[in-house]
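# pasting the structure only:
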């Protein structure tokens, strides 16, 4: 990305001093011998035009612009005594797929040999619902994006690898601290009737998990990196939004890095990763309607919910925590959930049960009615809204009895597990230890109580405080939802999307306990065999693929079609329209499609680019003609002065060659 030599972020955000990033004096202890950590950020932005987005399963939600670039934020932990490595990457995508994971492993293996492998690389999704999809090797998810998108897939993979390589190169001694905080107003439970079935739900009187956990990295007494875990969905942006964005967790990361720390993403001095934990039944839409709460504006809601996560995580850096000693360990397991046997001590009824081939219920198609998406035209309902008795009657006729029994009381709509390649059914689970801190990862979307039961089982097995355990979903693959058996019986959206039946959580707890027992006893764990990589087996999506670019008739590429007004006040919106080109020919990783520049004497200084909250770029495409609009929302405390907008594009000729071009508006004043 082009250098941003001066910024107005501090003034715009109301932050007055970067000194607030200093570590609390009581935490500034000597680094434990033998523990080293590196940080890195990679640009993984997908196609901003004509790409179906991942999460809502709405065919009409196809990208038409860019609001915030997608980042991968990596931390590499190294135990120098054993040379054990662990790479943790928080990826601003809707879901994490084994297709991406396998390709990342291939590229890391080519570069580092056996240093990184499927047991010590953890790739997690923030679960934004405003990012391009089409990157799975399994058919079900890619159907909703109209097929596979190799350009977005490549950008996602390359950005993750860049982040890990940069973190690997940044490894050096540091102090790691675990801190916890409480955040009550960044999510509400979206399936209360199901939650109320849980006898242990009383531990969460607000029906959410308010726990915010930081893994903080300090060097020389200065905070240089944070991984935060908090449970809320990435659905502040609605299913009608067509701009690539990173939702509330993306805002939290951007705000801390850029607005507070003034980070240049080419060489970040500070990295803030906002990861998911167990948000399966938690929506950020506080009024329980898509795009509502705390306001009626989805962008403002995204900012507010993200800011609340930042504020809580930031406040935790001022509180005492647990400093982690050296020593790392990992265990992992691939389990086939097509028919995984669950022992009586985990089922709760004293009997042996098995998981079932993946099947999705009517409530899955109804979607979460607090967040939107799904197929409302089918008229399907979640369990708490009456369920689907007509479909249940039909299912009793057309679905085999053994499958109905295995998934009861689910009204089966899609028996996807009966056809190979439709969904992932051999699933990865990891348990990693850094000092006294333990992280359990799974490919599911666990609900609050499901996550709590996992944490309790892990802590009891390991003989440690539950506060030193985090459960993280959306990691290294995707296996849909994870509810408690009691929640499953209510068959709300989460239960309908719990793909492997009522005993899926007990099976996952059994796996967690087995991994924890092996780690506790210093024994190896049978790792199992990963599913066959299906990347590239799905046809390429037909939309958004550039073949040739033609400028607006009578114009040249980069010409300004609509100039900004001569003058604006702070808080107003500046807009300019250009004769552009299809942006998918060059995703400009580590670069930008736009710049907001301020006159500084005889030179121009870049203030913002397309990775900033205040800018948007929109693409209006008709065949080979792409008109491009750049929008700048002037921050309330923006420095007065003379400004201009610059647009960067690449035009594709009939023979496939790309020719870069630039468009620059007339100058205008901010007063």
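Perfect, I can see it now. This is a predicted model, so every value here is computed, not measured.
# Confidence-wise, which helix or strand of the protein is lowest on average?
helix 9-13 (a mean of 39; mean pLDDT, DSSP states H and E).
# in the helix or strand that comes right after that one, what counts as buried?
On the C-terminal side of helix 9-13, the nearest following helix or strand under DSSP states H and E is strand 35-43. Buried residues in strand 35-43, counted by 16 or more other C-beta atoms under 10 Å: 35-43. In this view, the C-beta of every residue, glycine as well, is placed from N, C-alpha and C.
# ok, now stretch 594-611?
594-598, 604-611.
# where in the stretch 51-200 of the chain is pLDDT low?
Scanning the stretch 51-200 of the chain for pLDDT under 70 picks out no residues.
# typo on my end, it should be the chain
1-33.
# Which residue comes closest to the residue sitting nearest the centre point of it once chain neighbours are left out?
When C-alpha atoms, centre = their mean is applied to the chain, the residue found nearest the centroid is residue 126 (1.8 Å). Nearest non-adjacent residue to residue 126, counting by C-beta to C-beta, 6 or more residues apart in numbering: residue 249, 4.5 Å away.
# gap between whichever strand or helix holds that neighbour and the chain center?
Residue 249 is part of helix 247-254, with elements assigned from DSSP H and E. Computed by C-alpha atoms, centre = their mean, to the nearest Å, the chain-centroid distance of helix 247-254 equals 10 Å.
# Now do it against strand 35-43: the angle between them, please.
Helix 247-254 and strand 35-43 are oriented at 120 degrees to each other (axes from the mean of the first three to the mean of the last three C-alpha atoms, to 10 degrees).
# Following element in sequence after helix 247-254, please.
Of the helices and strands lying after helix 247-254 in sequence (DSSP H and E), the nearest is strand 271-275.
# Pairing partners for the next helix or strand after that following strand, with directions?
Note on strand 271-275: by DSSP H and E, the next helix or strand toward the C-terminus is strand 282-283. Here strand 282-283 is paired, per DSSP bridges, with strand 188-189 (antiparallel).
# got the contact list for the most far-flung residue of the chain relative to its centre?
Residue farthest from the centre of the chain, counting by C-alpha atoms, centre = their mean, is residue 554 at 42.5 Å. Counting by C-beta atoms under 8 Å, 6 or more residues apart in numbering, residue 554 touches no other residue.
# go on, residue 604?
Neighbouring residues of residue 604 by C-beta under 8 Å, 6+ apart: 597-598, 644.
# Show me how far the helix or strand harbouring residue 595 is from its chain's centre.
Using DSSP H and E, residue 595 falls within strand 594-600. How far strand 594-600 lies from its chain's middle: 31 Å, per C-alpha atoms, centre = their mean.
# just stretch 386-406 next, same as before
Relative to its chain's centre, stretch 386-406 lies at 34 Å (C-alpha atoms, centre = their mean).
# Kindly report the same for stretch 162-176.
21 Å.
# in that stretch, what counts as buried?
Judged by neighbour count (16+ other C-beta under 10 Å), stretch 162-176 contains these buried residues: 162-168, 170-171, 173-176.
# related to what we said a few turns ago, elements contacting the helix holding residue 249?
Helices and strands touching helix 247-254, by 3 or more C-beta pairs under 8 Å, 6 or more residues apart in numbering; DSSP states H and E, are strand 71-79, strand 271-275, helix 298-316.
# who does the following helix or strand past the longest one pair up with?
The helix or strand immediately downstream of helix 298-316 is strand 322-323, counting by DSSP H and E. Sheet pairing of strand 322-323 (DSSP bridges) gives strand 175-182 (antiparallel).
# ok, back up a step: for the residue nearest to the centre of the chain, give its distance to residue 625.
Per C-beta to C-beta, to the nearest Å, residue 126 is found 34 Å from residue 625.
# which residues does the nearest residue to residue 310 once chain neighbours are set aside contact?
Among residues not flanking residue 310 along the chain, residue 252 sits closest, at 4.3 Å (C-beta to C-beta, 6+ apart). By C-beta under 8 Å, 6+ apart, the contact set of residue 252 is 228, 272, 274, 306-307, 309-310, 313.
# Now the buried members of the residues you listed.
Buried by 16+ other C-beta under 10 Å: 228, 272, 274, 306-307, 309-310, 313, out of the contacts of residue 252.
# So residue 275 is in contact with residue 226, correct?
No. The criterion here is C-beta atoms under 8 Å, and residue 275 misses it with residue 226 at 10.2 Å.
# Pull up the overlap in contacts between these two.
Counting by C-beta under 8 Å, 6+ apart, nothing touches both residue 275 and residue 226.
# Provide the partner residues of the nearest residue to residue 160 once chain neighbours are set aside in its beta bridges.
Nearest non-adjacent residue to residue 160, counting by C-beta to C-beta, 6+ apart: residue 72, 4.5 Å away. Beta bridges link residue 72 to residue 42, residue 91, judged by DSSP bridges.
# Who are the contact partners of residue 72?
Residue 72 makes contact with 41-44, 89-92, 159-160, 162-163, according to C-beta under 8 Å, 6+ apart.
# quick check, nearest of these to residue 468?
Residue 468 has its nearest neighbour among the contacts of residue 72 in residue 90, at 19.9 Å by C-beta to C-beta.
# quick one: contacts for residue 282?
Listed by C-beta under 8 Å, 6+ apart, the contact partners of residue 282 are 187-190, 208-209, 231-233, 448.
# could you redo the last one with a cut-off of 6 Å?
Contacts for residue 282 (C-beta atoms under 6 Å, 6 or more residues apart in numbering) come out as 187, 208, 231-233.
# So it versus residue 75, what's the distance?
Going from residue 282 to residue 75 by C-beta to C-beta gives 25 Å.
# Surely residue 261 touches residue 268?
No. Using C-beta atoms under 6 Å, residue 261 is not in contact with residue 268; the gap is 8.3 Å.
# What residues of the particular helix or strand that has residue 506 in it count as buried?
Per DSSP H and E: residue 506 is located in helix 504-521. For helix 504-521, the buried set under the neighbour-count rule, 16+ other C-beta under 10 Å, comprises 504-516, 518-519.
# That one: what's the following helix or strand?
Past helix 504-521, heading to the C-terminal end, the next element that is a helix or strand (DSSP H and E) is strand 560-562.
# Adjacent strands (with direction) for the very next helix or strand once past that next one?
Note on strand 560-562: by DSSP H and E, the next helix or strand toward the C-terminus is strand 567-568. Strand pairing for strand 567-568, determined by DSSP bridges: strand 668-670 (parallel).
# Give me the distance between the partner strand and the centre of its chain.
For strand 668-670, the distance to the chain centre is 37 Å (C-alpha atoms, centre = their mean).
# Same question for stretch 288-308.
Centroid displacement of stretch 288-308 relative to its chain, using C-alpha atoms, centre = their mean, is 17 Å.
# max-length strand in this protein?
Of all the elements of type strand in the chain, the one with the most residues (DSSP state E) is strand 641-652.
# in whichever helix or strand comes after that strand, what's buried?
Moving toward the C-terminus from strand 641-652, the next helix or strand (DSSP H and E) is strand 658-664. By neighbour count with 16+ other C-beta under 10 Å, strand 658-664 contains the buried residues 661, 663-664.
# Between strand 641-652 and strand 658-664, find me the angle.
Per the same axes, to 10 degrees, the angle that strand 658-664 makes with strand 641-652 is 160 degrees.
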